[in-house]
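1. Sequence below, structure please.
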Amino acid sequence: MLKSSIFAFVAASLICRCYSNEYKEYNFDVNTKCRVIGEEKDLELYENKKNPSVLSYSNFFFDIDGAGGHNLYTVEYCECYTETGNCRLATGFDKNDSITVGYSRAIIEFEMDKKDDIKNETYDSLFKKHQTEFNLPSNYKHNKDLDEIFFSNIYETTSSDGNTYIGEHAVYESVKDVIDKNYKFPIYYTVNKTEEGSIVRVDTKTTVKIGEFKVASIIECLSYYDGTQQVSKKNIYGREGFKINELDCTWGNQTYQMEQIESESNSDHIFQMNIIVLLFLISLCYVVTNI
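-> Predicted coordinates:
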């Protein structure tokens, strides 16, 4: 706990500053495209061909103390919903050392705040609205295919003096702390994101905040060996008044889903082979009885 508190204090001291639409350049190394669920007319920004992204760096999204100590949760899967504007992430952490062997998963739902403010926005309207804020060359030609909306492990918090500060990643003392701290995660619109290998560079001069998320619920799934036995736990936390979807711990686990698909495919194949063998035996019996 002391280690976490000191880490959080040092991190906050180094990276927090007063909020501005223009933040320093970020070089993300994880770019996860979110699958869009629902009708496009409900939220035009969530187009299937223009999926929102979750960007993070240092290969993790959340930094949470959990089973076995400090856990860095990486993004495994993301879905965004046109009906609510919310996005849901599956994040995971595997630990295998001399002390603890096991894994932690956290399924996190981000609730869009003030969805009506951007409900009718399009990429064209956002560009027109914010064009004067962007530092663009005079010969710049807008190509909306390069536009993107994203959120990341950049977060905002309000201090006791009323000022809003921005940090580069949130550090929590527990999974429940993710709800209690009530950090805001800005939704950004950018017209100039470039990818160089595994690095995603965001040009701060052509990026603007258009909305924000708050963590509405988190489902924690733990499985680890405590030195004497295997322990499995599932904890669910949610913001007051938010209706939590009680999902299975396997939600968003692509490896598990592929195994299920392969298992079903193999079962179908075996069933089909059994039918063929059965038909062959029936036809053989028919031939024998008519000889």
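2. quick one: the residue nearest to residue 199 when sequence neighbours are not counted from residue 193, how far?
-> Take residue 199 and drop its neighbours on the chain: the residue closest to it by CB to CB, 6 or more residues apart in numbering is residue 27, 5.3 Å away. Any C-beta I mention is one placed from the backbone N, CA and C, and that applies to glycine too. Applying CB to CB, to the nearest Å, the value for residue 27 to residue 193 is 11 Å.
3. Between the two, which has more neighbouring residues?
-> residue 193 (20 against 11; other CB atoms under 10 Å).
4. Give me the pLDDT for the more buried one.
-> Looking at residue 193, its pLDDT reads 81.
5. Am I right that it is in contact with residue 199?
-> No. Contact criterion CB atoms under 8 Å: residue 193 and residue 199 do not qualify, at 11.1 Å.
6. Report all helices and strands that the helix or strand encompassing residue 103 contacts.
-> Assigning secondary structure by DSSP states H and E places residue 103 in strand 101-113. If contacts are counted by 3 or more CB pairs under 8 Å, 6 or more residues apart in numbering; DSSP states H and E, strand 101-113 sits against strand 62-66, strand 69-81, strand 87-96, helix 175-181, strand 184-190, strand 207-225.
7. Indicate which one of the ones you listed is closest to residue 103.
-> strand 87-96 (4.8 Å; CB to CB).
8. Buried residues, that closest one. List them.
-> Buried residues in strand 87-96, defined by neighbour count with 16 or more other CB atoms under 10 Å: 87-93, 95.
9. could you give me the average pLDDT of it?
-> Rounded mean pLDDT across strand 87-96 is 87.
10. Who are the contact partners of residue 26?
-> By CB atoms under 8 Å, 6 or more residues apart in numbering, the residues touching residue 26 are 55, 57, 152, 154, 168, 201-202, 204.
11. Quick check: the residue nearest to residue 199 vs residue 79, distance?
-> As judged by CB to CB, residue 27 and residue 79 stand 26 Å apart.
12. again, but for residue 124
-> To residue 79, residue 124 is 25 Å away according to CB to CB.
13. Out of the two, name the residue with the larger neighbour count.
-> More neighbours surround residue 79 than the other of residue 124 and residue 79, with 18 against 12 (other CB under 10 Å).
14. Run through the protein and note the low-pLDDT ranges.
-> Along the chain, the parts satisfying pLDDT under 70 run over 1-24, 48-49, 66-70, 97-100, 254-291.
15. Domain map for it?
-> By the assignment in automatic domain parsing, the chain contains the domains 2-251, 253-291.
16. Out of these, indicate the one that is most buried.
-> domain 2-251 (a mean of 16; mean count of other CB atoms under 10 Å).
17. what's the distance between that one and the middle of its chain?
-> 6 Å (CA atoms, centre = their mean, to the nearest Å).
18. Just list whatever residues bridge to the residue most central in space within the chain.
-> Centroid check for the chain by CA atoms, centre = their mean gives residue 89 as the closest residue, at 3.4 Å. Following DSSP bridges, residue 89 is listed with bridge partners residue 78, residue 108.
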